[in-house]
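[1] next come a sequence and a model predicted from it.
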Amino acid sequence: MLSPIKSVALLLTAVLLTGCASSKQAEQQAATAGTAGQQAPKTVVYDDPRDPWERVNRPLFDFNLDVLDEYLLRPATVGYMTIVPKPARKGLKNVVDNLGEPASFLNSILQAKPEKAAVSAGRFLVNSTVGIVGLFDVARKMGLEPADEDFNQTLAVWGVGDGPYLMVPARGPTTIRGTAGGIVDNLYFPLGLLNTPLTLTRAAIMALDAREELMQVEDMLNNSLDPYSFVKEAYFQRQRFKIYDGNPPPPEETLDDDTLDFLDEIE
């Protein structure tokens, strides 16, 4: 459902506005600087072992958020929402999601999840026929909820680590493992058979739909003390949630209320 490489969709948005455990560190540093009569630094860089390239990632995050999103993706999404009626937007998203069901089926098998594999196969069969190539999500009405398994999750189940966190220009937050997983997912049938125009169309629909869903949580990001860390923490928490099928073991650190509310909004 996020993606992911997942072509231009993840190229444009991925989870551009995807908690902020690090915000407390920033607050403490700002308070210390204020006590000492010094001006608090504008950009705070933390020693996060998951993010060894943070000094490079932060400027790229600013570029994605302050330039690409503000002047390209958000205006395009507003126009899309204005021109295309919601039922039509939903139908287009359903078609795009249906194309990813075979990948979810194969990844479920690779993760030894036969029940989820059966669900993905059933969804693809029903929605591709009765649902008119996926335009209508008939399978959901039959109780077949999306399994949403990707190769990033498969690699995690196999014990492969995340690798360094990356903030890719025009793509957003990811990791080495996430990038590799997205490439593999795009090789599965039928995605690997799509020509360039169809691939770009699919990617654009995914990007616009993802950005539309994130409109409602913009204020949470804009009001966070450190938006970069907010996005990073939310990205890792969401991936963890997906890997454990919505039932992750208790985290070592408790997330703040803003982060938990944000994760509830994007799920």
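    Happy to help now that I have it.
[2] hey, let's count contacts and neighbours off CA atoms from now on
    OK.
[3] and the strands in the chain?
    165-168, 172-175 (DSSP state E).
[4] and the pLDDT at the closest residue to residue 131 other than its chain neighbours?
    Using CA to CA, 6 or more residues apart in numbering and skipping residues adjacent in sequence, the residue nearest residue 131 is residue 138, 5.6 Å away. Listed pLDDT for residue 138 reads 97.
[5] OK, contacts around residue 138?
    By CA atoms under 8 Å, 6 or more residues apart in numbering, residue 138 lies in contact with 126, 127, 130, 131.
[6] next one: residue 166
    By CA under 8 Å, 6+ apart, the contact set of residue 166 is 51, 53, 57, 172, 173, 174, 175, 176.
[7] what sits opposite it in the beta ladder?
    With DSSP bridges as the criterion, residue 166 is bridged to residue 174.
[8] distance check, it against residue 173.
    6 Å (CA to CA, to the nearest Å).
[9] same check on residue 195?
    Counting by CA to CA - residue 195 and residue 173 are separated by 26 Å.
[10] neighbour-wise, which of these two wins?
    The residue with more neighbours, out of residue 195 and residue 173, is residue 173; 28 against 9, by other CA atoms under 10 Å.
[11] quick one: contacts for the closest residue to that one other than its chain neighbours?
    Using CA to CA, 6+ apart and skipping residues adjacent in sequence, the residue nearest residue 173 is residue 167, 4.7 Å away. The neighbours of residue 167, taking CA under 8 Å, 6+ apart as the test, are 57, 58, 60, 61, 173, 174.
[12] do residue 193 as well
    Neighbouring residues of residue 193 by CA under 8 Å, 6+ apart: there are none.
[13] check residue 142 too.
    With CA under 8 Å, 6+ apart, residue 142 has no contacts at all.
[14] hmm, back to that, of the strands of the chain, which is nearest residue 101?
    Closest to residue 101 of the strands of the chain, according to CA to CA: strand 172-175, at 21.7 Å.
[15] helices or strands up against the closest one?
    Applying 3 or more CA pairs under 8 Å, 6 or more residues apart in numbering; DSSP states H and E, we find strand 172-175 packed against helix 7-12, strand 165-168, helix 227-243.
[16] want to try CSV for those, with distance to residue 145 and mean pLDDT as columns?
    Compiled in CSV, the helices and strands packed on strand 172-175 are given as follows (distance: least, CA to CA, whole Å; pLDDT from 0 to 100):
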stretch, distance to residue 145, mean pLDDT
helix 7-12, 23, 36
strand 165-168, 30, 96
helix 227-243, 14, 94
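[17] so which of these is nearest residue 250?
    Here helix 227-243 is closest among the helices and strands packed on strand 172-175 (CA to CA), at 10.8 Å.
[18] do I have it right that residue 186 meets residue 192?
    Yes - if you go by CA atoms under 8 Å, residue 186 and residue 192 touch, sitting 5.8 Å apart.
[19] so between those two, which is more surrounded?
    A direct count of neighbours by other CA under 10 Å for residue 186 and residue 192 places residue 186 higher, at 21 against 12.
[20] distance check, that one against residue 228.
    For residue 186, the distance to residue 228 equals 28 Å [CA to CA].
[21] between the contacts of residue 138, which sits nearest residue 148?
    Looking across those and measuring by CA to CA, the closest to residue 148 is residue 127, at 15.3 Å.
[22] list phi and psi for the closest residue to the closest one other than its chain neighbours.
    Once flanking residues are discounted, residue 127 sits nearest to residue 134: 4.6 Å by CA to CA, 6+ apart. Main-chain torsions, residue 134, degrees, to the nearest 10: phi 100, psi 0.
[23] so what's the residue count around residue 134?
    The burial count for residue 134: 25, using other CA under 10 Å.
[24] quick one, what contacts it?
    Going by CA under 8 Å, 6+ apart, residue 134 touches 91, 94, 95, 96, 97, 98, 124, 127, 128.
[25] lovely, talk soon.
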